[in-house]
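1. sharing a model that was predicted from the sequence below.
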Amino acid sequence: QHPLEGADAYLERLATLGAELLDSGQGEAGTVDSVPADVQLLNLFLTEGIDILLDAERILDEWSHQGLSAPEQHMLVTELQTLAQGAQLAGLDDVRRLSTALAKAYRDIETRHLQVSADFFEVAKAAHEQLINMMDQVAAGLATHIDGKLLAELEEAVAVLPQTLPSSVADTALGVPDLA
């Protein structure tokens, strides 16, 4: 449960730029160092956000092939929460909603000890792909659109996952003593 290196500084910088934009009282016309504050905010979000997203995608890939430890699962949740917070500060609601939905799905799996399936990973990877596409759209100055069907599929994919018992609970339930 180590904090993400640079996550606090990233969120602080996003918040500062957002506050400068609001303090300017000029909305989109407000400038900081002759560059529109909203452009600075989006550039910072894109730079840091894509790094977070690529790291999250790498962790998801590892998870789908060889499983994850609890700290790694927690890191994945934390990275997506950081991305969602950055998206909120940058005014990117679609990115925030999808990042939040993924973080919630991974947190539910972590806290409820759900057994993941190939079907779940297929939907999760599609959601990560959509986030990458949204980042590309933001970088190109285009509006983002969230796929409501994908959000519903993600929620359903988690809802159908069976619960597994932590090994110490399972051993106790099966009459195997915990020798630790």
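-> Yes, it's here.

2. tell me the contacts of Thr144?
-> By CB atoms under 8 Å, 6 or more residues apart in numbering, the residues touching Thr144 are 92, 94-95, 134, 137-138. Using the backbone N, CA and C atoms, a C-beta is placed for each residue, glycine as well.

3. go on, Ile109?
-> Per CB under 8 Å, 6+ apart, neighbours of Ile109: 73, 116, 158, 161.

4. quick one, helices of this protein?
-> Counting by DSSP state H, the chain has helices at residues 7-24, 37-66, 70-89, 93-112, 118-139, 148-159, 167-173.

5. save the ones you listed as JSON lines, and put in mean pLDDT too.
-> Listed next are the helices of the chain as JSON lines, based on pLDDT from 0 to 100:
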{"stretch": "helix 7-24", "mean pLDDT": "62"}
{"stretch": "helix 37-66", "mean pLDDT": "87"}
{"stretch": "helix 70-89", "mean pLDDT": "91"}
{"stretch": "helix 93-112", "mean pLDDT": "95"}
{"stretch": "helix 118-139", "mean pLDDT": "94"}
{"stretch": "helix 148-159", "mean pLDDT": "96"}
{"stretch": "helix 167-173", "mean pLDDT": "44"}
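
6. next up, the contacts around the closest residue to Thr164 other than its chain neighbours.
-> Leaving out its chain neighbours, the residue that sits closest to Thr164 by CB to CB, 6 or more residues apart in numbering is Gln115, at 4.5 Å. By CB under 8 Å, 6+ apart, the contact set of Gln115 is 161-164.
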